[in-house]
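*Asks:* here is my input; please provide its structure:
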Amino acid sequence: MFYKPGETSHGLPHDPFKACVVPRPIGWISTVSANGEHNLAPYSQFNNLSFDPPLVMFSSNQTLQNARKDTVNNVEVTGVFCWQLATHDLREAVNITSEAVPAAVDEFERAGLTKAWSQSLRTPVPMVAASPVRFECEYVQTVRLPGNPPMGTVDVVIGRVVGVHIDEKVLTDGKIDVRKTRPIARLGYFEYGVIDDTFEMIIPGDRAGLYGLEGNAAANRQEDSNQKQAGKQA
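*Replies:* Prediction:
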């Protein structure tokens with residue numbers, strides 16, 4: 001089959017677009033408003049962008065009322081936000097926090113979640129204490145992409161990770177063990193998946209750039225130092 005989005009019909013009972021790009025990490029984002037209200041919401045368009053420095057992004061469509069989401073407003077006002085890993089054990093809480101509620105409603109309390117607090121951000125941000133992996137992020141910029149109303153316009157929010165919390169219980173031989181964290185991912189339609197197994201592949205050939213795939217910032221900076229030293233000696 002072939003169709004042109006927005007021009008020709010796909011002829012299916014449900015739109016297939018989001019089901020084509022799977023699995024998608026969930027950006028479970030916590031923020032604080034200018035007047036101290038706590039907000040927690042999941043975003044299914046989330047990912048890391050780079051590793052040195054570590055950058056992450058999430059995208060937020062507008063509401064049915066053509067308004068920007070509370071999360072975006074809070075991040076732009078305070079300049080900070082946190083991300084927490086959405087796990088299978090926490091799936092019901094993730095779902096509860098996805099409901100659109102007034103800004104004054106505390107989603108942590110609504111979902112029965114205990115709060116932990118950021119340690120390095122200029123404005124303290126609550127985090128999901130039960131989540132085994134959490135990032136503290138400083139706001140970098142918003143890229144606003146046009147779209148069809150009411151929800152098509154999207155705010156792509158980029159942040160720099162300045163603090164990382166990892167529960168040692170999810171480590172195996174010094175690595176985060178997906179069999180212990182069991183993150184959930186967004187699929188198509190109303191479906192989710194759980195990641196509970198892995199396999200490994202190493203790119204064949206030149207192994208010099210493998211630290212980039214690993215996301216090893218220390219190795220990246222060492223390589224930069226080596227190149228500068230070699231330049232001086234040339």
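
*Asks:* thinking Leu145 is in contact with Gln62, fair?
*Replies:* No. Contact criterion CB atoms under 8 Å: Leu145 and Gln62 do not qualify, at 10.9 Å. Quick note: C-beta positions are derived from backbone N, CA and C, even for glycine.

*Asks:* same drill for these two, tell me which one is more crowded.
*Replies:* Each of Leu145 and Gln62 has its neighbours counted (other CB atoms under 10 Å); Gln62 has more, 18 against 11.

*Asks:* pull the contacting residues for that one.
*Replies:* Arg68, Lys69, Pro149, Pro150, Met151, Gly152, Thr153, Val154 (CB atoms under 8 Å, 6 or more residues apart in numbering).

*Asks:* what distance separates the top helix by length along the chain from the centre of its chain?
*Replies:* Assignment by DSSP state H gives helix 217-233 as the longest helix of the chain. Here the centre of helix 217-233 is set off from its chain's centre by 31 Å, with CA atoms, centre = their mean, to the nearest Å.

*Asks:* separation between Glu37 and Trp28?
*Replies:* Note on Glu37: its distance to Trp28, by CB to CB, to the nearest Å, is 18 Å.

*Asks:* neighbour count winner among these two?
*Replies:* Trp28 (27 against 15).

*Asks:* ok so the more buried one is a strand residue?
*Replies:* Yes. The assignment for Trp28 is a strand, going by DSSP: H, G, I helix; E, B strand; the rest coil.

*Asks:* any idea how far stretch 74-91 is from the chain center?
*Replies:* Chain-centre distance of stretch 74-91: 8 Å, with CA atoms, centre = their mean.

*Asks:* in a strand, Gly163, correct?
*Replies:* Yes. Counting by three-state DSSP, one finds Gly163 located in a strand.

*Asks:* for it, name its beta-bridge partners.
*Replies:* With beta bridges defined as DSSP bridges, Gly163 has these partners: Glu136.

*Asks:* shared neighbours, Leu145 and Gln62?
*Replies:* Common contacts of Leu145 and Gln62 (CB under 8 Å, 6+ apart): Thr153, Val154.

*Asks:* still on that earlier bit, so which of the contacts of Gln62 are in helices?
*Replies:* Per DSSP H, the subset of the contacts of Gln62 in helices is empty.

*Asks:* among these, which two are most distant?
*Replies:* Lys69 and Pro149 (15.0 Å; CB to CB).

*Asks:* what sits against Asp40?
*Replies:* Check again: residue 40 is Leu, not Asp. So Leu40 contacts Trp28, Ile29, Ser30, Thr31, Thr97, Glu107, Phe108, Ala111, Leu113, Pro126, Val128 (CB under 8 Å, 6+ apart).

*Asks:* who has more neighbours, Lys69 and Pro149?
*Replies:* Neighbours per residue, other CB under 10 Å: of Lys69 and Pro149, the larger number sits with Lys69, 21 against 10.

*Asks:* the longest helix of the chain packs against which elements?
*Replies:* On a contact count with 3 or more CB pairs under 8 Å, 6 or more residues apart in numbering; DSSP states H and E, helix 217-233 meets helix 210-214.

*Asks:* in CSV, could you pull the C-alpha coordinates for the helix it packs on?
*Replies:* The C-alpha trace of helix 210-214 is given here as CSV (Å, rounded to 0.1, in the frame of the first residue of the first chain):
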residue,chain,number,x,y,z
LEU,A,210,32.9,3.0,19.1
TYR,A,211,33.0,5.2,22.1
GLY,A,212,30.5,7.5,20.3
LEU,A,213,28.0,4.6,20.0
GLU,A,214,28.6,3.8,23.7
